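S.K.: Output the structure for:
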Amino acid sequence: MAHAVLQYTYGDDYLEARERFRSAHLVLAWAAADRGELVLGGAVGTGPYEGLLVFQGDDAVGLASTFASADPYVTSGLVTSWTVRPWATVVGVKAATPVRP
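M.R.: Residues are numbered from 1 along each chain as shown. All right, here's what the predicted structure looks like:
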């Protein structure tokens, strides 16, 4: 099991523009969560906002990239840029490679 972080950068009109796409975005997100791929996701900050989504799986980077490519927030242009990075988790009950002192 590996982890990856998907980070979104939103446009300045994120709060107003998201309403048209939010339902479809949440359907996609909850489906990924129900499959056990998406661990947590949501907006970060108090404005301007960014999105942060944590994925897990054998190919967590691939799962996150596939999610972003299909996300209505991305395909509509609400997300101005996104990145996926592998996350080497070492602390916590779900850490991929736990390291204890």
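
S.K.: Only C-alpha atoms from now on, for both contacts and neighbour counts.
M.R.: Fine.

S.K.: For the closest residue to residue 84 other than its chain neighbours, give me phi and psi.
M.R.: Once flanking residues are discounted, residue 84 sits nearest to residue 6: 4.5 Å by Cα to Cα, 6 or more residues apart in numbering. With angles defined as degrees, to the nearest 10, residue 6 sits at phi -110, psi 120.

S.K.: Residue 6: what's it in contact with?
M.R.: When contacts are counted by Cα atoms under 8 Å, 6 or more residues apart in numbering, residue 6 touches 51, 52, 53, 54, 55, 64, 65, 68, 82, 83, 84, 85.

S.K.: Was I right to think the fifth one contacts residue 5?
M.R.: Yes. Between residue 55 and residue 5 there is a contact under Cα atoms under 8 Å: 6.3 Å.

S.K.: Quickly list what's touching both of the two.
M.R.: 61, 64.

S.K.: Now the element after the lowest-mean-pLDDT helix or strand in the chain, going C-ward?
M.R.: Lowest mean confidence among the helices and strands of the chain (mean pLDDT, DSSP states H and E): helix 14-17, at a mean of 90. Once the chain leaves helix 14-17, the next helix or strand it forms, by DSSP states H and E, is helix 22-34.

S.K.: And the contacts of the least confident helix or strand of the chain?
M.R.: Residues outside helix 14-17 that contact it (Cα under 8 Å, 6+ apart): 49, 78.

S.K.: mind saving the C-alpha coords of that helix as PDB?
M.R.: The C-alpha coordinates for helix 14-17 follow below in PDB (Å, rounded to 0.1, in the frame of the first residue of the first chain):
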ATOM      1  CA  TYR A  14     -13.500  29.200  -6.900                       C
ATOM      2  CA  LEU A  15     -16.300  29.700  -4.300                       C
ATOM      3  CA  GLU A  16     -18.700  31.100  -6.900                       C
ATOM      4  CA  ALA A  17     -17.800  28.800  -9.800                       C
END
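
S.K.: I figured residue 71 hits residue 26, correct?
M.R.: No. Counting by Cα under 8 Å, residue 71 does not reach residue 26; the two are 9.2 Å apart.

S.K.: How many neighbouring residues does residue 84 have?
M.R.: 21 (other Cα atoms under 10 Å).
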